[in-house]
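*Asks:* generate a structure from the sequence data that follows.
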Amino acid sequence: MYTDISGQGTAVLFLHGGGVSGWMWRPVLDGLPGGIRTIVPDLPGHGESQSSEYESHDTTIAELVALIRENAPQGVLVVGFSLGAQLALQLAAEQPELVRHTIVVSGEAKPAPLRGMTLWLLSRAYPLARLEWFARLQATQLSVPERLMNEYLRDSREISRTTLLASVSENIGFRLPGALREFNGETRVVVGDKERMLMRESAQLIHETSRNSRLLVVTGAAHDIPFTHPEVLVEIILAMVDVDR
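*Replies:* Take a look at the predicted model:
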């Protein structure tokens with residue numbers, strides 16, 4: 001995976017959502033002070049990692065484990081959004097020795113209904129993602145700022161059908177790992193009060209399943225918290241980094 005690593009200090013791993021790439025974290029990264037080492041990969045099939053396809057959460061977890069062991073063997077705080085939030089939860093459950101704490105933003109933890117129909121419709125609509133007007137509509141729903149619009153349009157245009165279908169399939173079929181109940185690190189669950197009911201129910205489920213969890217519902221936010229409320233995530237990150245200092 002292509003990975004941008006910068007800074008020194010406590011290691012924080014940022015995992016982006018499906019259909020975008022590491023650039024989505026810039027509003028959050030811009031608000032962080034020194035003393036933090038940021039590790040921002042483009043997940044397989046996304047952004048600068050499009051030379052490989054997204055196969056599954058399991059294969060991606062294996063790559064992330066290797067990335068952490070090479071660059072932060074002492075462990076990381078994992079911040080994940082949407083699909084990245086699911087990966088953060090799976091990492092915490094399966095590799096607790098490498099995950100110190102997690103911040104789970106807008107993570108879906110209950111399988112969505114009509115999975116097969118959703119994937120069929122997505123496959124049929126795939127050519128639309130390559131059209132700028134359609135991609136801009138999608139970007140508006142995510143509240144992508146204009147300064148990052150070119151990156152969004154590029155990712156939308158270049159993502160393959162295989163990666164799109166595989167990542168969405170994993171996302172809408174995700175279930176919480178049973179071992180998550182044994183994770184001893186701190187967990188912060190963040191969701192917008194304007195998100196879909198399924199997302200809000202998922203946040204509650206993650207909170208109830210995690211041993212050391214706090215739930216934050218962000219007023220006025222939809223599925224766009226890293227873009228519209230980056231200061232909320234910066235505050236949580238700094239508080240959790242201070243726990244380890």
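*Asks:* contact partners for residue 206?
*Replies:* When contacts are counted by C-beta atoms under 8 Å, 6 or more residues apart in numbering, residue 206 touches 89, 104, 107, 109, 176, 187, 189, 213. Placement of C-beta: from N, CA and C, glycine included.
*Asks:* helix, strand, or coil at residue 220?
*Replies:* coil (DSSP: H, G, I helix; E, B strand; the rest coil).
*Asks:* identify the residues contacting it.
*Replies:* In this structure, residue 220 makes contact with 192-194, 228, judged by C-beta under 8 Å, 6+ apart.
*Asks:* same thing but 6 Å
*Replies:* Residues counted as contacts of residue 220 (C-beta atoms under 6 Å, 6 or more residues apart in numbering): none.
*Asks:* distance of it relative to residue 195?
*Replies:* Using C-beta to C-beta, to the nearest Å, one gets 11 Å for the distance from residue 220 to residue 195.
*Asks:* same check, this time on residue 124
*Replies:* Plainly put, residue 124 is 26 Å away from residue 195 if you go by C-beta to C-beta.
*Asks:* repeat for residue 20
*Replies:* Residue 20 sits 17 Å away from residue 195, going by C-beta to C-beta.
*Asks:* which one of those two has more residues nearby?
*Replies:* The neighbour comparison of residue 20 against residue 195 (other C-beta atoms under 10 Å) goes to residue 20, with 27 against 21.
*Asks:* quick one, helices of this protein?
*Replies:* Per DSSP state H, the chain has helices spanning 26-29, 57-71, 83-94, 115-125, 132-142, 149-158, 161-172, 197-209, 225-228, 230-243. These are given in chain order.
*Asks:* deepest of those helices, which one?
*Replies:* Of all the helices of the chain, helix 83-94 has the most neighbours on average by mean count of other C-beta atoms under 10 Å, namely a mean of 26.
*Asks:* and that helix, what does it pack against?
*Replies:* If you count contacts as 3 or more C-beta pairs under 6 Å, 6 or more residues apart in numbering; DSSP states H and E, helix 83-94 packs onto strand 10-15, strand 76-81, strand 99-105.
*Asks:* so for the second one, what's the average pLDDT?
*Replies:* Model confidence over strand 76-81, given as mean pLDDT, is 98.
*Asks:* neighbouring strands - and their directions - for that strand?
*Replies:* Next to strand 76-81 in the sheet, as set by DSSP bridges, lie strand 10-15 (parallel), strand 99-105 (parallel).
*Asks:* for these, which one sits closest to residue 138?
*Replies:* In terms of C-beta to C-beta, the element of the strands paired with strand 76-81 nearest to residue 138 is strand 99-105, at 18.6 Å.
*Asks:* tell me the contacts of the closest residue to residue 99 other than its chain neighbours?
*Replies:* Spatially, and ignoring its direct neighbours in sequence, residue 99 is nearest to residue 92 (4.6 Å; C-beta to C-beta, 6 or more residues apart in numbering). Residues near residue 92 by C-beta under 6 Å, 6+ apart: 99, 102, 183.
*Asks:* which stretches of this structure have low pLDDT?
*Replies:* Within the chain, the stretches with pLDDT under 70 are 243-245.
*Asks:* now the helices and strands packed on helix 83-94 in CSV, with distance to residue 58 and mean neighbour count?
*Replies:* As requested, the helices and strands packed on helix 83-94 are exported to CSV (distance: least, C-beta to C-beta, whole Å; neighbours: other C-beta atoms under 10 Å):
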stretch, distance to residue 58, mean neighbour count
strand 10-15, 15, 25
strand 76-81, 16, 28
strand 99-105, 16, 26
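*Asks:* just so I know, which of those strands lies nearest residue 24?
*Replies:* Once those are compared by C-beta to C-beta, strand 76-81 is nearest, at 7.2 Å.
*Asks:* for the closest residue in space to residue 234 that isn't next to it in sequence, give its distance to residue 72.
*Replies:* The shortest distance from residue 234 to any non-neighbouring residue, by C-beta to C-beta, 6+ apart, is to residue 31 (4.0 Å). Residue 31 sits 21 Å away from residue 72, going by C-beta to C-beta.
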